[in-house]
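Participant: Just need the structure, nothing else, for what follows:
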Amino acid sequence: MVTKRTPPRRLLFLTEWRKHLGISAETMAEAMGVERESIHRMEREQNRMNVEKMARYAEALGIPPEKLWRKPTDQEDVGLTAEERQQATELLKKLVKIENQTGH
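Facilitator: Numbers count the residues shown, from 1 in each chain. The predicted structure is shown next:
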């Protein structure tokens with residue numbers, strides 16, 4: 001019997017946001033200062049994304065990092081209160097600061 005492996009659940013909607021905003025992989029790579037292949041790798045192998053990369057990706061898109069966890073087609077702000085959005089933003093800022101201090 002052959003067991004099919006299911007792909008891991010996607011946590012972020014990187015490609016969807018980039019395409020929703022009409023940004024090519026080349027333009028995204030230029031904005032982030034990386035190669036185009038790196039953009040495709042980030043989108044395909046999300047387990048390699050760290051907080052700093054997520055923040056840089058979101059900044060290049062011009063959106064808050066917390067939006068990367070939701071589809072761009074989802075109704076705006078559904079499921080999060082203003083307080084929860086603020087907490088998520090503060091948590092991401094703290095994580096970026098910790099990563100920058102530890103060098104990871």
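Participant: Now do the SS call for Ile98.
Facilitator: Here Ile98 is helix, with the state taken from DSSP: H, G, I helix; E, B strand; the rest coil.
Participant: Now the helix or strand bottoming out on mean pLDDT in the chain: buried residues?
Facilitator: Ranked by mean pLDDT, DSSP states H and E, the weakest helix or strand in the chain is helix 82-102, scoring a mean of 78. Within helix 82-102, the residues that count as buried by 16 or more other CB atoms under 10 Å are Ala88, Leu92, Leu95, Val96. The way it works is simple: take the backbone N, C-alpha and C, and place the C-beta from them, glycine included.
Participant: close enough to count as contact, the third one and Pro65?
Facilitator: Read it as Leu95. No - Leu95 lies out of contact with Pro65 (CB atoms under 8 Å); the separation is 9.6 Å.
Participant: and Gln46, how many neighbours?
Facilitator: Residue crowding around Gln46 was assessed by other CB atoms under 10 Å; the count is 19.
Participant: where's it relative to Glu66, distance?
Facilitator: For Gln46, the distance to Glu66 equals 16 Å [CB to CB, to the nearest Å].
Participant: Then Leu92?
Facilitator: Taking CB to CB, one finds Leu92 at 7 Å from Glu66.
Participant: where exactly do the helices run in this structure?
Facilitator: Secondary structure of the chain (DSSP state H): helices located at 14-20, 25-32, 36-44, 51-61, 82-102.
Participant: Can I get the ones you listed in a markdown table including distance to Arg70?
Facilitator: Converted to a markdown table, the helices of the chain look like this (distance: least, CB to CB, whole Å):
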| stretch | distance to Arg70 |
| --- | --- |
| helix 14-20 | 9 |
| helix 25-32 | 19 |
| helix 36-44 | 16 |
| helix 51-61 | 12 |
| helix 82-102 | 11 |
